[in-house]
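Enquirer: Predicted model and sequence below, questions to follow.
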Amino acid sequence: DAGVTQSPTHLIKTRGQQVTLRCSPKSGHDTVSWYQQALGQGPQFIFQYYEEEERQRGNFPDRFSGHQFPNYSSELNVNALLLGDSALYLCASSLWDITEAFFGQGTRLTVV
Amino acid sequence: AQKVTQAQTEISVVEKEDVTLDCVYETRDTTYYLFWYKQPPSGELVFLIRRNSFDEQNEISGRYSWNFQKSTSSFNFTITASQVVDSAVYFCALSEAPRVTGGGNKLTFGTGTQLKVEL
């Protein structure tokens, strides 16, 4: 049973560019959440997708957007990258009505 | 707003010592869940335990134990006879109960405690 998988593992982008990160949830899960974890900090909630709709959103600007596909996989898009967007981006999958969330290994984004 | 505080930034112990990681939370909700996650250097957050706000019974699982005290808004985590493999960052987290929100589980994390277990 595959767990949560994220791609790519590492990514280096230049300021102003756009980036897309991908996540495949654990088999049977229907909800995907995205978190940003800056160095030395705890993960911060970006948004959550269920039934292909954004259901909850944290305190992040509109440069951060996402999508969920019919197979429950998800993408996180960040436009106009800033140096401060450098972080580990974690994807978590769960069932909509269950609180237990399983995390992927993350994508480490470096903006130069 | 929900808030989780982990006052211990870093703890160093010698193998076989017991160690307790502190977690204090704030929420206006009467129904909520508390979690502990472990993050090894690989980066993946590993789920350790979930507790709901109505269950204050403390739990022991192998070398791990958890002490939930609603009166002090604390959810502390103890590792007995620590091992080098326990070295990691440990996060405490809080979420509303899905039946309150209608679904979903936005997690609010603390800043983490770096545990170093040395030989």
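Expert: Nice, I can see it. Numbers count the residues shown, from 1 in each chain, chains lettered A, B, ... in the order given.

Enquirer: Quantify the burial of residue 40 by counting its neighbouring residues.
Expert: No chain in the question, so chain A it is. 10 (other Cβ atoms under 10 Å in any protein chain shown). Quick note: C-beta positions are derived from backbone N, CA and C, even for glycine.

Enquirer: wrong one, I was asking about chain B
Expert: For B:Pro40, the count of nearby residues is 13 (other Cβ under 10 Å).

Enquirer: Over to B:Phe54?
Expert: Neighbours of B:Phe54 (other Cβ under 10 Å): 10.

Enquirer: confidence score at the nearest residue to it once chain neighbours are set aside?
Expert: Nearest residue to B:Phe54, sequence neighbours excluded (Cβ to Cβ, 6 or more residues apart in numbering or on different chains): B:Thr31, at 7.4 Å. With respect to pLDDT, B:Thr31 has a value of 87.

Enquirer: which residue ranges form the helices in chain B?
Expert: B:98-101 (DSSP state H).

Enquirer: Mean pLDDT per helix and strand in it: which one sits at the bottom?
Expert: Lowest on mean pLDDT, DSSP states H and E among the helices and strands of chain B sits helix B:98-101, with a mean of 64.

Enquirer: Tell me where the model's unsure across chain B.
Expert: Residue ranges of chain B with pLDDT under 70: B:98-103.

Enquirer: who in it is up against chain A?
Expert: B:4, B:33, B:35, B:37, B:42-47, B:50, B:91, B:93, B:95, B:97-99, B:101, B:103-112 (Cβ under 8 Å from any Cβ of the partner chain).

Enquirer: Could you give me the PyMOL selection string for whichever of those are buried?
Expert: Of these, the buried ones go into a single PyMOL selection, burial set by 16 or more other Cβ atoms under 10 Å in any protein chain shown:
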select buried, chain B and resi 4+33+35+37+43+44+45+50+91+93+95+97+98+101+103+104+105+106+107+108+109+110+111+112
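
Enquirer: Grab the most central residue of chain A for me.
Expert: Geometric centre of chain A, nearest residue: A:Trp34, 3.3 Å, by Cα atoms, centre = their mean.
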